[in-house]
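Peer 1: Sharing a model that was predicted from the sequence below.
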Amino acid sequence: MHTAVEQGIGGTAVTSDPSAGNSLIVCSSEDWGNVRRRIRILVDELVERHPPLRVLYVAPAVDVPFELRTGRVSGLIRPRLAQVHPRVHVLRPIKWLPRAVGPFADRSLGRQVARAVRQLDLTDPLVWVNDASYARFALSTGWPTVYDITDDWLLAPLPAHRRARLRADDELLLEGSGAVVVCSPDLARTRGGRRDVDLIPNGVDVNLFRTPQSRPPSLPPAPVAVYVGTLHEERIDVPLLVELAEARPDLAIAVVGPDSLGPAAHAALAAVPTIHLLGPVPYDRVPAFLQHADVVIVPHLVNPFTESLDPIKAYECLAAGRPTVATPVAGFRGLGDPVVVSERDEFVATTSAVLDAAPPPGTPAAVADVPTWRQRAAAMHDVMQRVRSAAVPS
């Protein structure tokens, strides 16, 4: 990956000779960074597989009202356009006003994206919308649009005004997009009742997760249980994690990933000396934490929101091949060895039993074929080509 070169939106235009139909705008709810998630991974695969493709990746906006409230504003605030690959630019737009005050915020974000498109000389782009707040922008351009749903936030506990806006954006995209892609069977059920949808689940880089890596220096001494993923209160069962720590004081628990917990939940974990919050790590180092775990744990909540997910970590656990204990959450049920699914009230006892019987790190279990990101990117490319073809006037 090339070093990012930042420039202002008003800077020198990047000139090229783009071919029509080889430009892609990705309006993502995920940052572009070392923590690679579904959208970033698929973009990387698409760019590698299709040399003519040029991408404008629109990362989550800088929320100026929020930054001002938290006192984190320093220096000049302006949109940033970073070249992260010869054919990929990342735009970090600015949200000057909250959406609650009216359509001004959405229009401003749309104008910033359109300005970057002109600056990069992208021709006849397709718009891949993962962040539904870009619904009106995408559909107003007349460009072919694919709506990619990875989380059903309508099922999360949101304030009424945010839920209403999200529902309106979701309805617009379901009605106006050339295709709707979902990542889980539950999303296929809830969105497939309205229109045809394409189910493209997640995957894994099998070679990356099977190739042995050295033990991470930050990993606590054995025995150690490892959880990898974003800490979010709609996903992780914080009391269950604390319960495990209290039941097995000899066990270190390493939690690897971005921390999006509220203050109370974060404090509850930080107060337990055997729980180690290690924070995010580069994607290519994630396999090392799984490979050197005595046991991998997935203490997820089971609720309508998690039922809508297709957890990437399920594929990663299969590829890494270490003993894994998960609550009966979507994506883990029915996987089989090396994954053991346990009801919440048996989770601590099951984890203890699996831990005591676990082979030492460095002896991964043999698993059947695991779907790869390359396969998923090929499916996404087919959907995009279909939408492009349908949008071409006859």
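Peer 2: Ah, there it is.
Peer 1: which of the residues in the longest helix belonging to the chain are buried?
Peer 2: The longest helix of the chain (DSSP state H) is helix 373-391. For helix 373-391, the buried set under the neighbour-count rule, 16 or more other C-beta atoms under 10 Å, comprises 373, 376-377, 379-381, 383-384, 387-388. (Each C-beta comes from the backbone N, C-alpha and C, glycine too.)
Peer 1: Format the residues you listed as a markdown table; extra columns: pLDDT.
Peer 2: Below are those laid out as a markdown table (pLDDT from 0 to 100):
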| residue | pLDDT |
| --- | --- |
| 373 | 96 |
| 376 | 97 |
| 377 | 97 |
| 379 | 97 |
| 380 | 97 |
| 381 | 97 |
| 383 | 97 |
| 384 | 97 |
| 387 | 97 |
| 388 | 95 |
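Peer 1: is it possible to export the residues you listed to TSV including distance to residue 185?
Peer 2: As requested, those are exported to TSV (distance: C-beta to C-beta, whole Å):
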residue	distance to residue 185
373	19
376	15
377	20
379	15
380	18
381	22
383	17
384	22
387	22
388	27
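Peer 1: and the longest helix of the chain, C-alpha only, in CSV?
Peer 2: Extracted in CSV, the C-alpha atoms of helix 373-391 (Å, rounded to 0.1, in the frame of the first residue of the first chain):
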residue,chain,number,x,y,z
TRP,A,373,-12.8,-12.5,-0.1
ARG,A,374,-11.7,-13.0,-3.7
GLN,A,375,-14.9,-15.1,-4.3
ARG,A,376,-17.0,-12.4,-2.7
ALA,A,377,-15.4,-9.6,-4.7
ALA,A,378,-16.1,-11.5,-7.9
ALA,A,379,-19.8,-11.7,-6.9
MET,A,380,-19.9,-8.0,-6.2
HIS,A,381,-18.3,-7.2,-9.5
ASP,A,382,-20.9,-9.3,-11.3
VAL,A,383,-23.7,-7.3,-9.6
MET,A,384,-22.1,-4.0,-10.5
GLN,A,385,-21.7,-5.0,-14.1
ARG,A,386,-25.3,-6.0,-14.2
VAL,A,387,-26.4,-2.7,-12.8
ARG,A,388,-24.1,-0.8,-15.2
SER,A,389,-25.5,-2.7,-18.2
ALA,A,390,-29.1,-2.0,-17.2
ALA,A,391,-28.4,1.7,-16.9
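Peer 1: Can you give the distance of that helix from its chain's centre?
Peer 2: 19 Å (C-alpha atoms, centre = their mean, to the nearest Å).
Peer 1: Tell me which other helices or strands that helix touches.
Peer 2: Applying 3 or more C-beta pairs under 8 Å, 6 or more residues apart in numbering; DSSP states H and E, we find helix 373-391 packed against helix 38-49, strand 126-129, strand 145-149, strand 179-182.
Peer 1: neighbours around residue 160, how many?
Peer 2: Residue 160: 7 surrounding residues under other C-beta atoms under 10 Å.
Peer 1: For it, give me its contacts.
Peer 2: Neighbour list for residue 160: empty [criterion: C-beta atoms under 8 Å, 6 or more residues apart in numbering].
Peer 1: separation between residue 162 and residue 138?
Peer 2: Applying C-beta to C-beta, to the nearest Å, the value for residue 162 to residue 138 is 20 Å.
Peer 1: Now do the contacts for residue 270.
Peer 2: residue 277.
Peer 1: Residue 292 reaches residue 217, doesn't it?
Peer 2: No. The criterion here is C-beta atoms under 8 Å, and residue 292 misses it with residue 217 at 10.9 Å.
Peer 1: In terms of neighbours, single out the busier of these two.
Peer 2: Using other C-beta under 10 Å as the criterion, residue 292 and residue 217 rank with residue 292 on top: 22 against 5.
Peer 1: one step back: figure out which of the helices and strands packed on helix 373-391 is closest to residue 350.
Peer 2: helix 38-49 (28.8 Å; C-beta to C-beta).
Peer 1: what's in contact with the closest one?
Peer 2: In contact with helix 38-49 (C-beta under 8 Å, 6+ apart) are residues 24, 26, 28-30, 32, 36, 53, 55, 57, 85, 87-88, 130, 148, 150, 183, 202, 205, 312, 373-374, 376-378, 380-381.
Peer 1: Show me how to select, in PyMOL, the buried members of these.
Peer 2: Provided next is the PyMOL selection string for whichever of those are buried by 16+ other C-beta under 10 Å:
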select buried, resi 24+26+28+29+30+32+36+53+55+57+85+87+88+130+148+150+183+202+205+312+373+376+377+380+381
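Peer 1: give me the low-pLDDT residue ranges for this structure?
Peer 2: Where the chain drops to pLDDT under 70, the residues are 1-20, 66-77, 368, 393-394.
Peer 1: how is it carved up into domains?
Peer 2: For the chain, automatic domain parsing gives the domain ranges 5-203+373-391, 206-357.
Peer 1: quick one on the thing from earlier: turn the helices and strands packed on helix 373-391 into CSV, including distance to residue 96.
Peer 2: Conversion of the helices and strands packed on helix 373-391 to CSV gives the following (distance: least, C-beta to C-beta, whole Å):
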stretch, distance to residue 96
helix 38-49, 25
strand 126-129, 21
strand 145-149, 25
strand 179-182, 30
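Peer 1: And these: which comes nearest residue 209?
Peer 2: Evaluated over the helices and strands packed on helix 373-391, closeness to residue 209 peaks at helix 38-49, with 12.7 Å, by C-beta to C-beta.
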